[in-house]
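**Q** test case, fold it:
(one chain, ligands or ions: 2)
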Amino acid sequence: MDTQITKKTERRNWFRKTKYPTVIAGPCSAETEEQVYETCRAIKAGGKADILRAGIWKPRTRPGTFEGIGIKGLPWMRNMKLETGMPVTVEVAKAGHVEACLEFDIDILWIGARTSVNPFAVQEIAEALRGVEIPVLVKNPINPDLALWLGAVERFERVGIKEIGAIHRGFSNTSEKVFRNRPQWQMAIDFMTKRPELPMICDPSHICGNRHMLQAISQKAVDLNYDGLMIETHRDPDNAWSDAKQQITPEVFTQMITDMVLRHDHEDDDLTQKSLQYLRQDISEIDTDLINLLGQRMKIARQIGEFKKNNNMTILQPRRWEEIMKAGLEKGQANDLSDEFISRLLKAVHDESIDQQEKVMSA
Ligand code: PEP
Ligand code: MN
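**A** Ligands and ions are numbered 1, 2, ... in the order given. Predicted coordinates:
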């Protein structure tokens with residue numbers, strides 16, 4: 001058990017060298033030699049980043065926009081690596097990109113959200129990396145599919161890549177107005193639960209799609225014990241050739257990281273763990289009560305199912321369901337619980353209730 005934990009920690013440590021998150025910064029896209037140099041030098045001068053990033057090939061949603069400077073930008077990144085002494089990372093989307101990055105000594109490759117969604121593309125990149133020792137960071141696919149994200153990681157593991165990490169950049173959505181890509185934190189937490197040995201990095205830039213929420217989302221990631229942050233940084237964000245709204249200047253970036261409350265998990269700290277133990281015990285007892293109560297609720301639901309069956313009534317009674325939701329939201333508000341949470345919770349309970357009644361009715 002102990003050795004397993006040590007091994008896990010070691011594997012995660014390829015990315016997270018200290019208790020604090022590792023920070024990746026740099027422009028969405030490399031545009032010109034001066035823009036890359038000015039941005040990277042100012043990031044280095046601020047002293048708050050560990051790795052430099054830039055997109056060289058840009059997968060854009062619609063044609064006719066800037067699709068990346070291409071191979072011409074790679075020597076710029078190599079020059080910045082040599083000058084600053086910081087490792088550099090670039091997005092690759094096909095085998096040709098991999099070959100070019102290896103030729104120009106790029107240190108870390110990342111797989112974009114529009115690539116990790118496609119197993120053929122991921123496999124092609126993985127094949128190009130067979131026998132190569134280079135770290136790979138895999139962004140979540142644009143749609144919230146945990147298996148697809150895990151699967152992309154496994155494709156790199158199968159060709160022998162040892163240093164792998166995940167990047168949480170949010171999930172595309174049509175209804176959401178707040179975020180460009182909905183974070184759906186639970187998806188990243190599920191990833192971390194399944195693969196606790198892999199570093200998890202948050203990309204608040206693509207989650208937010210704007211500047212004003214970056215700090216809050218970065219802080220949340222740190223509070224959730226993420227291993228790193230990737231933040232788009234540009235010397236002149238308003239005039240950036242891609243993702244202008246979400247980029248910040250190196251100065252703002254440096255201040256933002258400086259202002260963050262950095263926390264660590266205290267997992268090996270006996271005293272803090274003991275103090276937490278009492279509160280955790282309370283939580284566990286409440287969870288037990290909640291589950292027992294849900295069990296009782298479902299028992300009654302089955303009795304109702306029996307009644308509906310005998311009286312030839314439909315399972316779904318829309319007016320009753322509306323009443324349940326309305327009353328729940330009111331009680332939730334009185335208890336400081338968000339409408340969003342109450343509505344998700346009641347829908348899940350209602351779903352289970354319908355399933356249970358259906359079983360009774362079809363028996
Ligand atoms: C990027 O990092 O600039 C990028 C294209 O991100 P994503 O793949 O998350 O959209
Ligand atoms: Mn971008």
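**Q** and the strands in the stretch 51-200 of the chain?
**A** 51-53, 88-91, 108-111, 136-139, 164-168, 200-202 (DSSP state E, counting those that start in this stretch).
**Q** residues near the residue of the stretch 101-250 of the chain at minimum distance from ligand 2, how many?
**A** Closest residue of the stretch 101-250 of the chain to ligand 2, Cβ to the ion: D243 (3.8 Å). Using the backbone N, CA and C atoms, a C-beta is placed for each residue, glycine as well. The local packing of D243 (other Cβ atoms under 10 Å) involves 19 other residues.
**Q** switch the strands of the stretch 51-200 of the chain over to CSV; also include distance to ligand 2, mean neighbour count and mean pLDDT.
**A** Shown next, in CSV, are the strands of the stretch 51-200 of the chain (distance: least, Cβ to the ion, whole Å; neighbours: other Cβ atoms under 10 Å; pLDDT from 0 to 100):
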stretch, distance to ligand 2, mean neighbour count, mean pLDDT
strand 51-53, 10, 25, 98
strand 88-91, 9, 24, 98
strand 108-111, 11, 23, 98
strand 136-139, 11, 26, 98
strand 164-168, 12, 25, 98
strand 200-202, 14, 26, 98
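**Q** list the contacts for the residue in the stretch 101-250 of the chain that ligand 1 sits nearest to?
**A** Per Cβ to the nearest ligand atom, G112 is where the stretch 101-250 of the chain lies closest to ligand 1, at 3.1 Å. Shown in contact with G112 (Cβ atoms under 8 Å, 6 or more residues apart in numbering): 59, 91, 93, 139.
**Q** one more pass at 6 Å, please.
**A** Residues in contact with G112 (Cβ atoms under 6 Å, 6 or more residues apart in numbering) are 59, 91, 139.
**Q** who is the residue nearest to it when sequence neighbours are not counted paired with across the strands?
**A** Distances taken as Cβ to Cβ, 6 or more residues apart in numbering put E91 closest to G112, at 4.9 Å, once the chain neighbours are dropped. Note on E91: beta-bridge partners by DSSP bridges are W110.
**Q** could I get the strands of the stretch 51-200 of the chain as JSON lines with distance to I291?
**A** Below are these laid out as JSON lines (distance: least, Cβ to Cβ, whole Å):
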{"stretch": "strand 51-53", "distance to I291": "43"}
{"stretch": "strand 88-91", "distance to I291": "44"}
{"stretch": "strand 108-111", "distance to I291": "39"}
{"stretch": "strand 136-139", "distance to I291": "35"}
{"stretch": "strand 164-168", "distance to I291": "29"}
{"stretch": "strand 200-202", "distance to I291": "28"}
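**Q** how about residues contacting stretch 150-163?
**A** Under Cβ under 6 Å, 6+ apart, the answer for stretch 150-163 is 14, 116, 122-123, 126, 129-130, 135-136, 138, 164.
**Q** lowest-confidence entry in these?
**A** Ranked by pLDDT, these bottom out at W14 (86).
**Q** so which elements touch the longest helix seen in the chain?
**A** The single longest helix within the chain, with elements called by DSSP state H, is helix 270-310. Applying 3 or more Cβ pairs under 6 Å, 6 or more residues apart in numbering; DSSP states H and E, one finds that helix 270-310 contacts helix 339-362.
**Q** the helices in the stretch 1-150 of the chain, which residues?
**A** In the stretch 1-150 of the chain, the segments counted as helices under DSSP state H, counting those that start in this stretch are 2-12, 33-46, 74-84, 95-103, 113-116, 119-128, 146-158.
**Q** on that earlier part again, in contact with the residue nearest to G112, which residues?
**A** Going by Cβ under 6 Å, 6+ apart, E91 touches 55, 110, 112.
**Q** could you do V122 as well?
**A** Counted by Cβ under 6 Å, 6+ apart, V122 has contacts 152, 155.
**Q** measure T193 to T61 for me?
**A** Here T193 is placed at a distance of 31 Å from T61 (Cβ to Cβ, to the nearest Å).
**Q** counting neighbours, what do you get for the residue nearest to A121 when sequence neighbours are not counted?
**A** If the residues on either side of it in the chain are set aside, A121 comes closest to T115, at 5.0 Å by Cβ to Cβ, 6+ apart. Other residues near T115 come to 23 when the count uses other Cβ under 10 Å.
**Q** cool, and E323?
**A** 11.
**Q** which element is it on?
**A** Using DSSP states H and E, E323 sits within helix 318-334.
**Q** mean confidence score for that helix?
**A** 94.
**Q** run through who's touching it.
**A** 339, 342, 346.
**Q** give me the angle between it and helix 339-362.
**A** 140 degrees (axes from the mean of the first three to the mean of the last three Cα atoms, to 10 degrees).
**Q** list the buried ones in helix 318-334?
**A** 325, 328-329, 332 (16 or more other Cβ atoms under 10 Å).
**Q** so who does the most centrally placed residue in the chain touch?
**A** Nearest residue to the geometric centre of the chain (Cα atoms, centre = their mean): H168, 1.8 Å. Applying Cβ under 6 Å, 6+ apart, we find H168 in contact with 140, 188, 202.
**Q** what about the residue nearest to it when sequence neighbours are not counted, how many residues nearby?
**A** Excluding its sequence neighbours, the residue lying closest to H168 (Cβ to Cβ, 6+ apart) is A188, at 4.1 Å. For A188, the count of nearby residues is 24 (other Cβ under 10 Å).
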